[in-house]
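>>> return atomic coordinates for the entry below.
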Amino acid sequence: MHSEQYDELYDILSDRVAKLRFGSVLAPSREGYINTVDCGSMISNDRFGALEELVFNAQEEGARVDVGGKELLHTSCAGRSFFQATVVGDVKPNSRIAQVECRCRVML
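Sure thing, here's the model as predicted:
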């Protein structure tokens, strides 16, 4: 990727990620049909604290986080484990978030 295209691509990605729909296709909707979702829940929320810390530390080191970065409290799927899809930009290569596998929807 050319460096002069970085900001434009970051903005496009952030816009699209912000529009992702979370939920369960098995959860009934008011209309009685299957909900349209883009992302389901994680297996558990045990790692949410560590993920939020990774994102926070990246921000402290100068990274941009315009979308996501924390647990998502879903209105119709209470009790499920959702972590917001997250876009992290301007990450330093030696940053911890760039060195570990997040195993969730975090895009660097």
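>>> hey, which helix or strand in the protein has the poorest pLDDT?
Every helix and strand of the chain was ranked by mean pLDDT, DSSP states H and E. The lowest is strand 106-107, at a mean of 62.
>>> between the two ends of stretch 13-26, how far is it?
With CA to CA, to the nearest Å as the measure, the ends of stretch 13-26 fall 28 Å from one another.
>>> what's the answer for stretch 58-65, then?
First residue to last in stretch 58-65 (CA to CA) measures 9 Å.
>>> in that stretch, which residues are buried?
Across stretch 58-65, burial judged by 16 or more other CB atoms under 10 Å covers 58, 59, 63, 65. Bear in mind the C-beta positions are built from the backbone N, C-alpha and C, glycine included.
>>> quick one, grab the pLDDT at the spatially most central residue of the chain.
By CA atoms, centre = their mean, the chain has its centre lying nearest to residue 85, at 1.6 Å. In this model, residue 85 is scored at 88, pLDDT.
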